[in-house]
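Asks: Make a model of this:
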Amino acid sequence: MFDPNYRLGLDLELLKRKDLVRFFDIDGVLAVYGYGSDGINVCGDDEFDAFVEEHDIYETAVGPEFIKQYIETYTDCSRNFILSLSSTKTQDAQKVRFINRVYPGLFKPENILFTRDSDKSVMVKETLEREFDGLNTPHLFIDDDTRVLYRLQLGGVTAVHISSLLQLAALK
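Replies: Numbering: from 1, shown residues only. All right, here's what the predicted structure looks like:
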């Protein structure tokens, strides 16, 4: 049911809180999504896993400058996590190299996590339980997929769409 008073994505003060444990997605959040010659997909979904076994699509990927600035300005790097949907160990390794190249020092290696399940809420809850005070811990998950965000919210995880951060970007 639509709640007309729901404005979390518009809460700039929440987005700027340094005490939050933050979870970031990679594709479409930390990495500009556009890996193919058409600017969107390098191949069809049915071919993707085989394709990335032979090609590192993250080798030339870039990160949005406003995201780097957001992380540097508003986050505590020791409380930053990455939780990315990934299909294979090869893709995991490609994404780790990308993070180390584009966001050096902004994510601890042990805080870069991968899941094979599109419902990320389970891993978020497990991580918060293991390392903090569970869902009571001030936290925020930033993703670009509304289906993922919906599942996160159903699971009790505080989540916002990447576009909410554009409110903090210094657009020129």
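Asks: list the contacts for the most centrally placed residue in the chain?
Replies: The C-alpha lying nearest the average C-alpha coordinate of the chain belongs to residue 25 (Cα atoms, centre = their mean; 1.6 Å). Applying Cβ atoms under 8 Å, 6 or more residues apart in numbering, one finds that residue 25 lies in contact with 82, 83, 84, 85, 141, 142, 143, 144, 145, 148, 162. (Each C-beta comes from the backbone N, C-alpha and C, glycine too.)
Asks: quick one, phi psi at it?
Replies: Main-chain dihedrals, residue 25, degrees, to the nearest 10: phi -80, psi 160.
Asks: So which of the contacts of residue 25 sit within helices?
Replies: residue 148 (DSSP state H).
Asks: May I see the PyMOL selection of the buried members of the contacts of residue 25?
Replies: A single PyMOL command is used to select the members of those judged buried by 16 or more other Cβ atoms under 10 Å:
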select buried, resi 82+83+84+85+141+142+143+145+148+162
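Asks: Residue 51: which of the contacts of residue 25 is nearest?
Replies: The shortest distance between residue 51 and any of the contacts of residue 25, using Cβ to Cβ, involves residue 85 and amounts to 16.2 Å.
Asks: Relative to residue 148, how far out is the residue nearest to the centre of the chain?
Replies: When Cβ to Cβ, to the nearest Å is the yardstick, residue 25 and residue 148 sit 7 Å from each other.
Asks: got it, and residue 83?
Replies: When Cβ to Cβ is the yardstick, residue 83 and residue 148 sit 10 Å from each other.
Asks: other SSEs contacting the lengthiest helix in the chain?
Replies: In the chain, with assignment by DSSP H, the single longest helix is helix 89-102. Under the contact criterion of 3 or more Cβ pairs under 8 Å, 6 or more residues apart in numbering; DSSP states H and E, helix 89-102 touches helix 45-54, strand 112-115.
Asks: Residue 131: which of those is closest?
Replies: Proximity of the helices and strands packed on helix 89-102 to residue 131 was assessed by Cβ to Cβ; the nearest stretch is strand 112-115, lying at 11.4 Å.
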